[in-house]
Each structure stands twice: as structure tokens, then as C-alpha cells.
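Colleague: Output the structure for:
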Amino acid sequence: MEDLTRSQRNALRDQRAALSFVLSSEQGRRFVRSLIDASGVYANDEGEYARGRRSIGLSLIAETNAINDKAFVQMMIEAANERTNNRHTENNDVD
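Modeller: Numbers count the residues shown, from 1 in each chain. From the prediction side, this is the model:
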């Protein structure tokens, strides 16, 4: 970060503060997770467009980890809990 100008450092600080605020709530983490999922981070798509989307998702994961090294793991746990709750709800609807 030392090779950044003062203005760039301030912009980065502001962006990280904003992302930190979003990550502070479950709804915010769900939104960030949806962006990461939409970026195709977990897909094996080829082509420049897919690689560009994936790069954005990886950058978002990196920034998330830079702000809070537990936030990404927390998002994955929350996603697993949501899937479990959805399956439980679906099974109850069938009964």
C-alpha cells in the first residue's frame, strides 16, 4: 500500500470501511455471498468474460478476508445453515 498515492489510500480505506459495514450484518454477508456466487468463482467456465467475472469474485473474497479473516468462513457457515433450514422446511411441507 506504500506505493499508492494519498488519494488512492483514502479511497481504499473508504471502500474497506464500506465493505466492513456491509459484512457486519447477516443480510450484508448474504448479499456479498450472492455477488461472489454470481461471479462464477466456483465454476470452471472458460473464456475471457468468465475469467474476468471470476477475477472480480476472487478480489471480493480477498478484500473480505483482508477486512475480517473470519467473515468468509462465516458466510459459508450461514449458507450451509440456510440450505439445511430450506431442506427442513421443504421436508415439512411434504408431510
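Colleague: Grab the longest helix from this protein for me.
Modeller: If you go by DSSP state H, the chain has its longest helix at helix 71-94.
Colleague: What average pLDDT does that one get?
Modeller: For helix 71-94, mean pLDDT is 85.
Colleague: Could I get the full set of helices for the chain?
Modeller: 6-23, 26-38, 48-67, 71-94.
Colleague: so residue 66 sits right up against residue 13, yeah?
Modeller: No: using Cβ atoms under 8 Å, residue 66 is not in contact with residue 13; the gap is 11.7 Å. Yep, even glycine has a C-beta here, placed from its N, CA and C like the rest.
Colleague: circling back to that earlier point, in the longest helix of the chain, which residues are buried?
Modeller: Using 16 or more other Cβ atoms under 10 Å as the test for burial, helix 71-94 gives 71-72, 75.
Colleague: of those residues, closest to residue 37?
Modeller: Using Cβ to Cβ, residue 75 comes nearest to residue 37 of the buried residues of helix 71-94, at 10.2 Å.
Colleague: gap between stretch 24-32 and the chain center?
Modeller: Taking Cα atoms, centre = their mean, to the nearest Å, the mean C-alpha location of stretch 24-32 is offset from the chain mean by 9 Å.
Colleague: just the CA coordinates of that stretch, formatted as CSV?
Modeller: The C-alpha trace of stretch 24-32 is given here as CSV (Å, rounded to 0.1, in the frame of the first residue of the first chain):
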residue,chain,number,x,y,z
SER,A,24,-21.3,-6.6,9.9
SER,A,25,-24.8,-7.9,9.3
GLU,A,26,-26.1,-11.3,8.2
GLN,A,27,-28.1,-9.6,5.4
GLY,A,28,-25.0,-7.8,4.2
ARG,A,29,-22.9,-11.1,4.2
ARG,A,30,-25.7,-12.8,2.3
PHE,A,31,-25.5,-10.0,-0.3
VAL,A,32,-21.7,-10.3,-0.6
